[in-house]
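**Student:** Prediction below, plus the sequence it came from.
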2 protein chains.
Amino acid sequence: MISIMLQWFDIFDGAPIRKVAKGAAVFRQEDRVQSMFLVRSGTVALERPMTDGIPLTLHIANADMALAEASLFADTYHCDAVARTDAEIASLPRATFLAKIRDYPDAALSLIETLAKEVQTQRAQIEILRLRRVADRLDAWLDLHGEPAKGEWINVADQIGVSAPALYRELAKRRN
Amino acid sequence: MISIMLQWFDIFDGAPIRKVAKGAAVFRQEDRVQSMFLVRSGTVALERPMTDGIPLTLHIANADMALAEASLFADTYHCDAVARTDAEIASLPRATFLAKIRDYPDAALSLIETLAKEVQTQRAQIEILRLRRVADRLDAWLDLHGEPAKGEWINVADQIGVSAPALYRELAKRRN
DNA sequence: TCAGCTATATGATTTCTATCATGTTGCAGT
DNA sequence: ACTGCAACATGATAGAAATCATATAGCTGA
């Protein structure tokens, strides 16, 4: 980490990698927050176990995504991080990460930018999910993202919180 | 703005206030981004006009909330900001705000913290809205927030994206 | 090439919630 | 004490989507 520090994830250059097997936890709820994590490969899910036993999946982190950014400012984790596939996770002590952010304004700004964009994206997502009918949700999604590639429609169904049959029915209706 | 600069919104200390009448716009989609805004009083809605004419409400900003943080890094706005009540908005040139963030690491970190917490909150909100039944959404909400005060249930209904009658029915079911 | 998986597609039935309707309660302001 | 409003509450009905079922197309690896 000699000189280039323009993006916040550059802070992880050279950071040690921890390998996590599918199904294993990176951290668990109530664990003390000591490190900051960046997913290098694989996918890791943030899950919050509910009182009824069924876990709520809060987030799916893929390669180059941070894990639980908000935990940077918390004492303990409020959710579990569980690998959905074998994964490689870069980790740095929290204090190290925070110190770098303090020292490199460009890195701080890039983190602000990343988070601000995510807030924006999520706001749109929330409003789409508040809509009642499949047709309205699809309209809104298409307005924001445009036509998806072939083979991607099923992912759209997931994103707009609708069953695949319901989406295909709506698409069929629009063709006729 | 002599010395204290621990929180990002301290940057707005002494910034000029713009009064916006109910129904008026602070900015419109496609406008060039030149300023950063902080709502001092009243409420301002971020709306994205959809192709079908019905606007999607992306966010409601109240006192002490920033408007469209993500626009800090964009050339033009991607949504409208419309006052829902008479409102007072503090504004600063974008370059001024960014320069302060660069100069004051504490301010940068507080902005990162604010955004990270919002991301976390929104993730939970999204997962609640993905649940199909009122009962599940209510369970999840209660698990995250705990029992609301009397007089607050109606807000819960709104937050979990459910009609008030549906919520009260579910509550009645649980009492029996 | 064939098997297997995933996306696409559509019909029938069931389940849920929105909506409409209506009524009660409790508080704030006059 | 009265008025008005908002929250709380519940019944009836209609509409929408989940679910279950089933089928075809297209790609991928053995």
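**Tutor:** In hand now; what should we look at?
**Student:** which stretches of chain A aren't confidently modelled?
**Tutor:** A:1-4 (pLDDT under 70).
**Student:** Within range of DNA strand C, give me the residues from it.
**Tutor:** Residues of chain A lying close to DNA strand C by C-beta under 7 Å from any atom of the strand are A:132, A:150-155, A:164-165, A:168-169, A:171-172. All C-beta spots, glycine's among them, are computed from the backbone N, C-alpha and C.
**Student:** rerun at 6 Å
**Tutor:** For chain A, the contact set with DNA strand C under C-beta under 6 Å from any atom of the strand comprises A:Arg132, A:Lys150, A:Gly151, A:Trp153, A:Ile154, A:Ala164, A:Pro165, A:Tyr168, A:Arg169, A:Leu171, A:Ala172.
**Student:** Just give me the neighbour total for the third one.
**Tutor:** Close neighbours of A:Gly151, defined as other C-beta atoms under 10 Å in any protein chain shown, add up to 7.
**Student:** quick one, phi/psi of it?
**Tutor:** Per-residue torsions, A:Gly151: phi 90, psi 0 (degrees, to the nearest 10).
**Student:** Relative to B:Lys117, how far out is the closest residue in space to A:His78 that isn't next to it in sequence?
**Tutor:** Excluding its sequence neighbours, the residue lying closest to A:His78 (C-beta to C-beta, 6 or more residues apart in numbering or on different chains) is A:Gln29, at 6.3 Å. Going from A:Gln29 to B:Lys117 by C-beta to C-beta, to the nearest Å gives 17 Å.
**Student:** that older thread, show me which of the residues of chain A next to DNA strand C is closest to chain B.
**Tutor:** Proximity of these to chain B (C-beta to the nearest C-beta) peaks at A:Arg132, which lies at 8.7 Å.
**Student:** The residue of chain A found nearest DNA strand C: what secondary structure?
**Tutor:** Ranking the residues of chain A by distance to DNA strand C (C-beta to the nearest atom of the strand) places A:Ala172 first, at 2.8 Å. Look at A:Ala172: counting by DSSP: H, G, I helix; E, B strand; the rest coil, its state is helix.
**Student:** hmm, back to that, out of the residues of chain A next to DNA strand C, which end up buried?
**Tutor:** Buried by 16 or more other C-beta atoms under 10 Å in any protein chain shown: nothing, out of the residues of chain A next to DNA strand C.
**Student:** residues touching A:Arg94, list them.
**Tutor:** Residues near A:Arg94 by C-beta atoms under 8 Å, 6 or more residues apart in numbering or on different chains: A:Val33, A:Gln34, A:Ser35, A:Met36, A:Leu72.
**Student:** The residues of chain A next to DNA strand C in helices, which ones?
**Tutor:** Using DSSP state H, the members of these that fall in helices are A:Trp153, A:Ile154, A:Ala164, A:Pro165, A:Tyr168, A:Arg169, A:Leu171, A:Ala172.
**Student:** Columns distance to B:Asp103 on top of these, output as CSV?
**Tutor:** Output for these, formatted as CSV (distance: C-beta to C-beta, whole Å):
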residue, distance to B:Asp103
A:Trp153, 48
A:Ile154, 48
A:Ala164, 51
A:Pro165, 55
A:Tyr168, 54
A:Arg169, 56
A:Leu171, 52
A:Ala172, 57
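**Student:** Could you single out the nearest of those to A:Leu92?
**Tutor:** Proximity of these to A:Leu92 (C-beta to C-beta) peaks at A:Ile154, which lies at 36.5 Å.
**Student:** Quick check, central residue of chain A?
**Tutor:** Note on chain A: the residue nearest the mean C-alpha position is A:Ala61, at 4.2 Å, using C-alpha atoms, centre = their mean.
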